Each structure stands twice: as structure tokens, then as C-alpha cells.
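Asker: sequence first, then the predicted structure:
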Amino acid sequence: MVDVSPIALKRRARRIHRVLAETYPYAVAELDFRNPFELLVATVLSAQTTDVRVNLTTPALFARYPDARSLAEAAEDELQEMIRPTGFFRAKSRSLLALATRIVDDFDGEVPGRLEDLVTLPGVGRKTANVVLANAFGVPGISVDTHFGRLSRRFGWTTEEDPVKVEFDVAALFERRDWTMLSHRVIFHGRRICHAKKPACGVCPVASLCPSYGEGEVDPDKARKLLKYELAPGREELHRRMVEGASRAELLAAGHTLSA
């Protein structure tokens, strides 16, 4: 990777973000939620599984346990069975019961809206806390999941592996007001084009700005076959509807499949 000055790095980073904003005008948090409690639970469940799987699991879960008080009183075996499809259901059920109890005991049943409080909850680290703050409380934050970390290194924004260090390195390149949408757009790009094993470099909209161009498939025809979700070949109608602003509920009602 070629060294660049801090000023040049910041300029290139912001140009990449502008392109991603144009590519994914519909980028949002892909977990379904109606309040901070639901987002917190969904984010805990999303570890080691897909958002699509979590979204299939949470409607019944939230109908049974609509708030922290009801979840804190849940029978562990029943909770485990409800979240089993998300994987690691025993560990996740323990975390959910413990964090719900802590919310009831220490925060009067309401999910706290401060980072320093959220990270004290069992099973909640900075990534989960930033997701909740950014998307449920409107507090700008950078959410470093595996996609965000991978792309940040490929873009040359950081050389760090530790998520907290990645967060701080990337935060220094962007205005605070952009942190939340930056997270969504980078994660969208990582799930659709810039894959871990074989990125679709040949059709990447930021190829000319990416210092890692060439790590993946550069032939446009071959790269196009690697695209996922709404960008995958044959899903042009889904992509059009998403660009027009259709909600996930509307897309599902129209018969579109939102998985990869």
C-alpha cells in the first residue's frame, strides 16, 4: 500500500464516502426495530448470523417479550428455543437475560442512551452500543463490524485489527455528523461488492480510489456474477424499488427476497 499524506488520505476517504452515498442512497440499519430495546436485542442476536435471519426471529420474540421487564422474567429454556435459529442460542440467551435484568435494576427498565452506560450491560461492547446510539437515539457513531473493519483496511483508512482502534482511526477522517451513514454505506458495500474472500473489483464504484484494487476479480463480467442482494444479476427490479425508497415491509409484500 502506497503511503499518502494525512490530508490526501482524508480527501480520498471523503471521496470514497461520496461515491458510496451515491451508490447506496437507500442504506439503513438492516435490523428491524421499533425502539431502543428492540434494536439492542436484535443487535445482540446478530452476532455470528445474518440480519435477515434475525429479522425472521424477532417478531415472535418481541411479541412475547416486548420490553426489558418481560424479558428479564423469561424462562431461559423458552427464550433459548425462540432464538435458536440465530445460533449460539445458549450464550445469547444468557446475555439477553442478564442485560434485561441490569436494565430493569439499574435503568428503571429503559435502555440507557449513553455509551458509558450501554457498555456496562452484559454482552454489549462498543460496536453494539454505537449501533443503538446511532440508530435509536440519533447519536452519531461508527459501528465497526467485520465488514467495516475489512473495508477500512482495504481503503487504507487504518492498519489496525482491533475494532476500537479502527473506530478511532476512521473517526479522525470524517465529520462527526457523517459517522452513522458512513457505517451503513461501508457495511452495505462490504456485503454486496467488497466481499472478504473475493471482492468484485471489476464492477466496484470506488475502484479508481481504492488502493486494494485487484485483490479480487477485475474482469467486469466475472465480477458482476459475484454481486449480492439487490445488486445481484436478475434483481434489477428489487434494486429499482430500493432506490425509490421502498421499505423492507413493502418489498417483502411485493414478493421480493431480501437475502443474498
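Answerer: It's in. Numbering: from 1, shown residues only.
Asker: all helices for the stretch 1-150 of the chain, in order.
Answerer: Ranges of helices in the stretch 1-150 of the chain, per DSSP state H, counting those that start in this stretch, are 6-23, 36-45, 51-64, 68-72, 76-83, 89-107, 115-118, 126-136, 146-154.
Asker: and the contacts of the fifth one?
Answerer: So the one you mean is helix 76-83. Helix 76-83 is contacted by residues 45, 57, 60-61, 64-65, 71, 89-90, 92-94, 96-97 when judged by C-beta atoms under 8 Å, 6 or more residues apart in numbering. The C-beta positions use only the backbone N, C-alpha and C, and glycine is treated the same way.
Asker: on that earlier part again, redo the helices of the stretch 1-150 of the chain as CSV? Include distance to Ile187.
Answerer: Output for the helices of the stretch 1-150 of the chain, formatted as CSV (distance: least, C-beta to C-beta, whole Å):
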stretch, distance to Ile187
helix 6-23, 10
helix 36-45, 13
helix 51-64, 10
helix 68-72, 27
helix 76-83, 23
helix 89-107, 21
helix 115-118, 19
helix 126-136, 10
helix 146-154, 5
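Asker: closest one to Ser208 among these?
Answerer: helix 6-23 (9.1 Å; C-beta to C-beta).
Asker: next, the angle helix 146-154 makes with the closest one.
Answerer: Put simply, helix 6-23 runs at 140 degrees to helix 146-154, going by axes from the mean of the first three to the mean of the last three C-alpha atoms, to 10 degrees.
Asker: which helices and strands sit right next to helix 6-23?
Answerer: Judged by 3 or more C-beta pairs under 8 Å, 6 or more residues apart in numbering; DSSP states H and E, helix 6-23 is in contact with helix 179-192.
Asker: any chance of the helices of the stretch 1-150 of the chain in TSV, plus mean neighbour count, mean pLDDT and distance to Glu175?
Answerer: Shown next, in TSV, are the helices of the stretch 1-150 of the chain (neighbours: other C-beta atoms under 10 Å; pLDDT from 0 to 100; distance: least, C-beta to C-beta, whole Å):
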stretch	mean neighbour count	mean pLDDT	distance to Glu175
helix 6-23	16	97	9
helix 36-45	24	98	24
helix 51-64	17	96	27
helix 68-72	19	98	34
helix 76-83	16	98	37
helix 89-107	18	97	31
helix 115-118	16	97	19
helix 126-136	23	97	14
helix 146-154	20	98	17
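Asker: wait, which of these is closest to Thr180?
Answerer: Of all the helices of the stretch 1-150 of the chain, helix 126-136 comes closest under C-beta to C-beta, at 4.1 Å.
Asker: Asp178 and Thr159: what is the separation?
Answerer: Distance, Asp178 to Thr159, by C-beta to C-beta, to the nearest Å: 22 Å.
Asker: the two: who's more crowded?
Answerer: Taking neighbours as other C-beta atoms under 10 Å, Asp178 and Thr159 compare with Asp178 leading, 17 against 11.
Asker: skipping its backbone neighbours, what lies nearest Ala74 in space?
Answerer: Distances taken as C-beta to C-beta, 6 or more residues apart in numbering place Tyr65 nearest to Ala74, at 5.8 Å, with adjacent residues excluded.
Asker: show me the contacts for the one you found.
Answerer: Contacts here follow C-beta under 8 Å, 6+ apart; on that basis Tyr65 touches 71, 74, 79.
Asker: good, we can wrap up now.
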